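Chemist: Here is the input, now give the coordinates:
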Amino acid sequence: MTRNFAERFNHRYGKIFPPPYAFNYEGEKLIKIMSLDGKGKMSKSENQLNTVYLSDGDEIIRNKIMKARTDSGPSQPDSVKPDFIEGLFGLMKIVSEPDTVEKFEADFNGCTIRYGDFKKQLAEDMVKFISPLRERISAISNDYNYLAGVMEQGAVKARASARATLQLVKEAMGLNYL
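Modeler: Below you'll find the predicted structure:
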């Protein structure tokens, strides 16, 4: 919606608003993280059992990963992975060491993968990956002075930016009476 509003305004009154875009750290390609059942992307608004939250405890993460959907495994070497299996491998590529991913890729391609071992490894790597994030989030959310300072700085910057943008909008629309 924001993109539509910006484009419509810019078309009528001249280029004021830059079109919004998806932010991406380090310029890498955006990735879609699949839900644990493979039926779409992982989302906080979807089924909570198929989503791993940063606030989930270690045991909850392990249980969710262990309940992730799998099948009986490939029956032929170098088979194509079903979407739900590809999603689990996608998670592993994010949180695990490359040699761990390579080992399970080789197991899958050689029809020797044991999904129980795979999911245990993925669960432990997820816990190891998420724990420091969860601790940092907790530390920040309990530091009220820090949060108040960040909000104040943000409000000052937002007011200045909004003031400048509103002035440009008023001029573009011919509403600059004073």
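Chemist: care to break the chain down by domain?
Modeler: Annotated domains of the chain cover 1-28, 31-140, 143-178 [automatic domain parsing].
Chemist: Would you point to the one among those that's packed deepest?
Modeler: domain 31-140 (a mean of 15; mean count of other CB atoms under 10 Å). Every C-beta, even on glycine, is put in place using the N, C-alpha and C of the backbone.
Chemist: okay, how far is it across it, tip to tip?
Modeler: The straight-line separation of the ends of domain 31-140 (CA to CA, to the nearest Å) is 27 Å.
Chemist: same check, this time on stretch 73-81
Modeler: 9 Å.
Chemist: residues in contact with that stretch?
Modeler: With CB atoms under 8 Å, 6 or more residues apart in numbering as the test, stretch 73-81 has contacts from 89, 108-111, 113, 115.
Chemist: Which members of those residues are positioned in helices?
Modeler: In this view, those that belong to helices under DSSP state H are 89, 108-109, 115.
Chemist: Including pLDDT and distance to residue 145, could the residues you listed go into JSON lines?
Modeler: Converted to JSON lines, the ones in helices among the contacts of stretch 73-81 look like this (pLDDT from 0 to 100; distance: CB to CB, whole Å):
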{"residue": "89", "pLDDT": "95", "distance to residue 145": "43"}
{"residue": "108", "pLDDT": "95", "distance to residue 145": "50"}
{"residue": "109", "pLDDT": "94", "distance to residue 145": "53"}
{"residue": "115", "pLDDT": "96", "distance to residue 145": "47"}
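Chemist: contacting residues for the residue nearest the centre of the chain?
Modeler: In the chain, the C-alpha nearest the mean C-alpha coordinate belongs to residue 33, at 6.8 Å (CA atoms, centre = their mean). Contact analysis of residue 33 by CB under 8 Å, 6+ apart lists 41-42, 87, 90-91, 94.
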